[in-house]
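Visitor: here's a sequence, model it:
(2 chains)
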Amino acid sequence: MTTQEIIRKISGRFPTVETTIIDGENALNVLTDKDAIVQLCAFIKNELGYDYLQFLTCIDRLDKLEIHYHLYAYASQGTIIVKTSVERVGGKIQSVAALWKAADWHEREAYDLFGVVFEGHPGLRRILLEEDFVGHPLLKDFKGKNVVVLPKI
Amino acid sequence: MKEDSAQDFITEEYLLNMGPQHPATHGVLRLVLRMDGENILDLVPDLGYLHRGFEKIAENRTYKQFLPFTDRLDYLAGMFNNHVYCLAVEKLLKITVPPRAEYIRVLVSELNRIASHLVWFGPFAMDLGAITPFLYAFREREMIIDLLESVSGQRLTYSYFRIGGVAQDLPDDFIVQAKAFCEYFKPKVDEYDTLLSKNIIFIKRTKNIGVLPKELAIDYGCSGPVLRGSGVAYDVRKNEPYSVYKDLSFDIPVGTIGDSLDRYNVRIEEMRQSVRIIEQVLEKLPGGEIMAAVPKVVKPAPGEAYARIEAPRGDFGFFIVSDGSDKPYRLKIRAPSFSNLSVLPELVKGLKISDVLAVFGSIDIVLGDVDR
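Guide: Numbering: from 1, shown residues only, chains lettered A, B, ... in the order given. Coordinates of the predicted model:
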């Protein structure tokens, strides 16, 4: 399956989704609305064969929280990066843990560090930080009592 | 006194706490086991004891300042951490690294891979009750550490790579010594086979223990020897070659059923393959520069880059988002141990408590890598 075919298949099924090719790599950016995330991911996994979730993570864009899903297909050795965004505070999105078991821990990590709630996750709780930790440290406006800003040099 | 019969005993499930301080977890990891007698019903890993917030720290450091932090991720494979971080930043900057630097990078990385596998091999054997291989493994590891110290000045946290190349050229006698080491080391791997791989007790402890089917390994995002042990012939060095790996010939060892013994055999064979790579690099090592022209202040254009390499524990990646300033806007570390550890509860269900060590050891995680 060539990259063009994959683009055609995705846009045939999901007309509102934007796809762009990443130069020089066998990789695609797929930009979607957050409500379609589970259907789109299920399509990419089951129909296009992207069986390996490398990781998922968030980026704090100050006005919204961007979520990236890095997907890889062992058969075609291609990458698809699904991008979507949720509200910065109290953002909610459907969990993809039922599609890739790897998503379980990565979603917990994203919840822990960014505060995104993954609905339908089998056990959403903090993973790296302690249970009674207050706040989500990778948000740009996080202020912890132990965080000391370094002086400018 | 009333006579008890077996039926009068009331048995109930109990929780067993393993760690956070436990000699076999090789770091600070807590495993909570739900037990029925000696049988494991469920296991829940509790991580984060070594979380240092590197992804947050990176947002407040310049690109060059962050390099020494990467050494502390997978602290047994510092060269790989340096490598993947430099690759990601070089991708953002669109810099090409000079060939000599690329070869040196591969050379020290593969030496580091052997050292890292030796630190897995020795303690893994020790966890299963074989004390002697540990001493043998650390004897050879010491020689590699000496070699890497002569290159970088450090024995564990090397910080030897630079964005655009390496810090300094190899010392004069390095090639001779590295060749001597290869000659010395090759029969030693066979010695490990004699010591442990064919040992009947060892085989009984690991064969058919913790079987990880191919589909499950992929589903959990496992990579490296854990994935290859399950029979998936995937290696980033081979399938998505970076640096100069496409000019080097080496084999990808794979297992068949994905039990602890398969994962063990894959790593032992990987050490032999690493020696092969090192010998080729020593032959091919070109002359020339060791650093590309890199600006004093690294300020990549806005954009994002993801670089991945094959670290001793698997698919290791750095995802960096740049906003055009001298600091990363967002830096995500894709740690192989994190995903590899997540499969552990599946593997130990129904096994005995002593098997946890065999399975856990065969996954080979480093807590600095899991917790970041």
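
Visitor: residue contacts, the residue nearest to B:Asn82 when sequence neighbours are not counted?
Guide: In space, and not counting its chain neighbours, B:Asn82 is closest to B:Phe161: 3.7 Å by Cβ to Cβ, 6 or more residues apart in numbering or on different chains. No exception for glycine: its C-beta is placed from N, CA and C like everyone else's. By Cβ atoms under 8 Å, 6 or more residues apart in numbering or on different chains, B:Phe161 lies in contact with B:67, B:79, B:82-83, B:85-86, B:105, B:167.

Visitor: closest to chain A out of these?
Guide: Taking Cβ to the nearest Cβ as the measure, chain A lies nearest B:Tyr85 of the contacts of B:Phe161, at 15.8 Å.

Visitor: okay, and the closest one sits in which element?
Guide: B:Tyr85 belongs to helix B:78-93 when elements are defined using DSSP states H and E.

Visitor: how close does the residue nearest to B:Asn82 get to chain A?
Guide: Look at B:Phe161 and chain A: by Cβ to the nearest Cβ, to the nearest Å, they are 22 Å apart.

Visitor: tell me which parts of the stretch 251-372 of chain B are close to chain A?
Guide: For the stretch 251-372 of chain B, the residues in contact with chain A (Cβ under 8 Å from any Cβ of the partner chain) are B:306, B:308, B:315, B:317, B:319, B:321, B:329-330, B:332, B:334, B:338-339, B:342-343, B:371-372.

Visitor: re earlier: turn the contacts of B:Phe161 into JSON lines, columns for neighbour count and pLDDT.
Guide: Shown next, in JSON lines, are the contacts of B:Phe161 (neighbours: other Cβ atoms under 10 Å in any protein chain shown; pLDDT from 0 to 100):
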{"residue": "B:Leu67", "neighbour count": "21", "pLDDT": "91"}
{"residue": "B:Met79", "neighbour count": "29", "pLDDT": "91"}
{"residue": "B:Asn82", "neighbour count": "29", "pLDDT": "92"}
{"residue": "B:His83", "neighbour count": "27", "pLDDT": "92"}
{"residue": "B:Tyr85", "neighbour count": "27", "pLDDT": "93"}
{"residue": "B:Cys86", "neighbour count": "25", "pLDDT": "92"}
{"residue": "B:Arg105", "neighbour count": "26", "pLDDT": "92"}
{"residue": "B:Ala167", "neighbour count": "16", "pLDDT": "90"}
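
Visitor: figure out how far stretch B:323-334 is from the centre of its chain.
Guide: For stretch B:323-334, the separation from the chain centroid amounts to 24 Å (computed by Cα atoms, centre = their mean, to the nearest Å).

Visitor: residues in contact with it?
Guide: Applying Cβ under 8 Å, 6+ apart, the external contacts of stretch B:323-334 come out as A:54-55, A:57, A:59-60, A:70, A:138, B:54-55, B:58-63, B:66, B:73, B:297-302, B:308, B:315-322, B:372.

Visitor: could you do stretch B:65-75 as well?
Guide: Stretch B:65-75 is contacted by residues B:52, B:54, B:57-58, B:61, B:78, B:80-82, B:84-86, B:116, B:156-159, B:161-163, B:311-313, B:316, B:328, B:331, B:333, B:335, B:337, B:366, B:368-369, B:372 when judged by Cβ under 8 Å, 6+ apart.

Visitor: can you rerun that using 7 Å?
Guide: Identification of contacts with stretch B:65-75 by Cβ atoms under 7 Å, 6 or more residues apart in numbering or on different chains yields B:54, B:57-58, B:78, B:80-82, B:85, B:156-159, B:311, B:313, B:333, B:335, B:337, B:366, B:368-369, B:372.

Visitor: check stretch A:49-62 too.
Guide: A:44-45, A:65-76, A:80, A:88, A:100, A:102-103, A:106-107, A:110, A:114, A:116, A:138-140, B:218, B:221, B:315, B:317, B:319, B:321, B:330, B:332, B:334.

Visitor: circling back to that earlier point, so which elements touch the helix holding B:Tyr85?
Guide: helix B:63-70, helix B:99-127, strand B:161-162, strand B:303-311, strand B:314-322 (3 or more Cβ pairs under 7 Å, 6 or more residues apart in numbering or on different chains; DSSP states H and E).

Visitor: and the direction of that helix versus that of helix B:99-127, what angle?
Guide: Angular relation of helix B:78-93 and helix B:99-127 on a 0 to 180 degree scale: 140 degrees, by axes from the mean of the first three to the mean of the last three Cα atoms, to 10 degrees.

Visitor: the closest residue to B:Asp251 other than its chain neighbours: which element?
Guide: Counting by Cβ to Cβ, 6+ apart, B:Gln273 is the residue found nearest to B:Asp251 once chain neighbours are left out, at 5.8 Å. Following DSSP H and E, one finds B:Gln273 within helix B:260-284.

Visitor: what mean pLDDT does that helix get?
Guide: The pLDDT scores in helix B:260-284 average 91.

Visitor: return the distance of that helix from the chain's centre.
Guide: The chain centre lies 14 Å from the centre of helix B:260-284; the measure is Cα atoms, centre = their mean.

Visitor: circling back to that earlier point, any chance of the helices and strands packed on helix B:78-93 in JSON lines, with distance to B:Asp190 too?
Guide: JSON lines is the format used below for the helices and strands packed on helix B:78-93 (distance: least, Cβ to Cβ, whole Å):
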{"stretch": "helix B:63-70", "distance to B:Asp190": "35"}
{"stretch": "helix B:99-127", "distance to B:Asp190": "14"}
{"stretch": "strand B:161-162", "distance to B:Asp190": "32"}
{"stretch": "strand B:303-311", "distance to B:Asp190": "24"}
{"stretch": "strand B:314-322", "distance to B:Asp190": "26"}
